[in-house]
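In: show me how the following folds:
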Amino acid sequence: MTPASLLLPTYADMLSALAAWLDKAEREVGPDQADALMRARLAPDMFPLATQVRFACVQALEGVHRLARQDFPPLVQALLDEGRGASDNPGTISEARARIAQTRDLAAKAAADIPAETDPQAPLEHRLPIGIVFDLTVEQYVRDWALPQFYFHLMAAYAILRAAGVPLGKADYVQHMFAYVRPGTMPPAG
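Out: Numbers count the residues shown, from 1 in each chain. Take a look at the predicted model:
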């Protein structure tokens with residue numbers, strides 16, 4: 001398994017799950033209340049749901065574009081700006097789902113340009129806007145930065161929705177796993 005072959009399916013599955021959680025929130029509390037959830041946060045010093053969704057998208061785009069050795073698309077900056085301003089302008093559930101869909105599409109396109117022969121031990125420089133530079137291998141970047149950062153924002157979104165009363169459970173989190181269920185092994189619904 002290559003680092004690239006790990007990232008894109010993970011991002012695609014979990015961004016789909018994130019969109020489904022937002023769908024469920026909207027069904028459970030109604031569109032107006034669901035939009036109000038975009039301002040919800042777990043702690044006063046934490047970003048709201050709107051930011052967590054957008055930053056999860058940023059992490060997915062950065063991961064695949066960095067491995068493809070491509071410049072980040074303009075959507076990354078738009079998501080960062082929206083995320084940083086989400087306390088004042090959180091947007092709607094519908095807008096968040098649209099950003100997730102855009103992210104999935106752009107990530108898939110960029111992932112197609114990741115060389116299949118990418119050496120997991122190849123050096124990769126990861127520069128943060130605050131000036132910190134990490135010198136990593138491709139494998140270290142995927143394992144120690146790209147996936148943990150993505151899951152951080154994803155889990156924050158999940159936790160915010162749960163704390164707000166949206167009835168999410170493990171099946172919502174790992175919905176992609178149901179494609180692998182051996183026939184005849186699912187317990188009866190009930």
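In: ok, and what's touching the helix or strand harbouring A171?
Out: Assessed by DSSP states H and E, A171 sits inside helix 170-173. Residues outside helix 170-173 that contact it (Cβ atoms under 8 Å, 6 or more residues apart in numbering) are A17, A20, W21, K24, Y158, F178. (Glycine included, C-beta is placed from N, CA and C.)
In: which of the residues you listed sits closest to L106?
Out: Nearest to L106, judged by Cβ to Cβ, of those is A17 at 18.3 Å.
In: tell me the contacts of the closest one?
Out: With the criterion set at Cβ under 8 Å, 6+ apart, A17 makes contact with L154, D172, Y173, V174, Q175, H176.
In: can you put those residues in JSON lines and add distance to P31 and neighbour count?
Out: Shown next, in JSON lines, are those (distance: Cβ to Cβ, whole Å; neighbours: other Cβ atoms under 10 Å):
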{"residue": "L154", "distance to P31": "23", "neighbour count": "23"}
{"residue": "D172", "distance to P31": "19", "neighbour count": "16"}
{"residue": "Y173", "distance to P31": "23", "neighbour count": "17"}
{"residue": "V174", "distance to P31": "27", "neighbour count": "12"}
{"residue": "Q175", "distance to P31": "22", "neighbour count": "15"}
{"residue": "H176", "distance to P31": "26", "neighbour count": "14"}
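In: secondary structure class of R41, three-state.
Out: Classification of R41 using DSSP: H, G, I helix; E, B strand; the rest coil returns coil.
In: residues of the worst-scoring helix or strand of the chain on mean pLDDT that come out buried?
Out: Within the chain, no helix or strand scores below helix 31-37, which has a mean of 89 by mean pLDDT, DSSP states H and E. Judged by neighbour count using 16 or more other Cβ atoms under 10 Å, the buried positions of helix 31-37 are A34, D35, A36, L37.
In: so the first one sits against W21, correct?
Out: No - the pair A34 / W21 is not scored as a contact, 10.7 Å apart, by Cβ atoms under 8 Å.
In: now the helix holding A171 - C-alpha only, CSV.
Out: The C-alpha coordinates for helix 170-173 follow below in CSV (Å, rounded to 0.1, in the frame of the first residue of the first chain):
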residue,chain,number,x,y,z
LYS,A,170,-20.5,4.0,15.5
ALA,A,171,-22.5,2.9,12.5
ASP,A,172,-22.7,6.5,11.3
TYR,A,173,-18.9,6.8,11.8
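In: where are the low-confidence patches of the protein?
Out: Scanning the chain for pLDDT under 70 picks out the ranges 190.
In: quick check, central residue of it?
Out: A56 (3.3 Å; Cα atoms, centre = their mean).
In: please identify the helix or strand for that one.
Out: Assigned by DSSP H and E, A56 falls in helix 49-67.
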